[in-house]
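In: quick one: sequence and predicted model below, then my questions.
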Amino acid sequence: MQQGELWFDDLYDALRHVINVAGGPKKVGSLLWPQMTAHRAGERLYACLNRDRSEKLDFEQLMFLLKLGRESGAHDAVVHINTISGYAPPTPVNPRDEHAELQRQVVRAADEFKRTVARLEQLQQQTLVTPTHLHPVHGGR
């Protein structure tokens, strides 16, 4: 995990740090707005991080920056969000570990599904085979 600054004035400062670690405003801005020139995209990105400007990031763009920070090893923005919200510091998940855990969950779910189907089939067989002494006698009595 990249060692970031200990404290940021606000989320915008933390996001600027993440952007710099991830390659700078031109590179990151181009990822957000590929239709713009790198220079213009970088300017727009920093305008969105300026409290005095009307341009702001939408939720998806903010999430993109948080994920980009995770991929870049710059967790400062998430740490800042957790700190000001009263949560514990985040623990990044290694994608290989997550993949392995998801595979284990799939295997467990498949096993549980097999057990459930087997039990259902068992119950269906029991209801089809009714003991003969329970059938009403249709005789002359």
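Out: Here it is on my side, so go on. Numbers count the residues shown, from 1 in each chain.
In: excluding sequence neighbours, find me the nearest residue to residue 18.
Out: In space, and not counting its chain neighbours, residue 18 is closest to residue 69: 3.9 Å by CB to CB, 6 or more residues apart in numbering. Every C-beta, even on glycine, is put in place using the N, C-alpha and C of the backbone.
In: same check, this time on residue 90
Out: In space, residue 90 is closest to residue 78, 4.9 Å off (CB to CB, 6+ apart).
In: check which helix or strand covers that neighbour.
Out: helix 76-85 (DSSP states H and E).
In: again with residue 14
Out: Going by DSSP H and E, residue 14 is in helix 11-21.
In: show me where pLDDT drops low in this structure?
Out: Scanning the chain for pLDDT under 70 picks out the ranges 1-6, 129-141.
In: you'd agree residue 90 is up against residue 80?
Out: No. With contact defined as CB atoms under 8 Å, residue 90 does not count as touching residue 80 (10.4 Å).
In: more crowded one of those two?
Out: Remark: of residue 90 and residue 80, residue 80 carries more neighbours, 23 against 14, as counted by other CB atoms under 10 Å.
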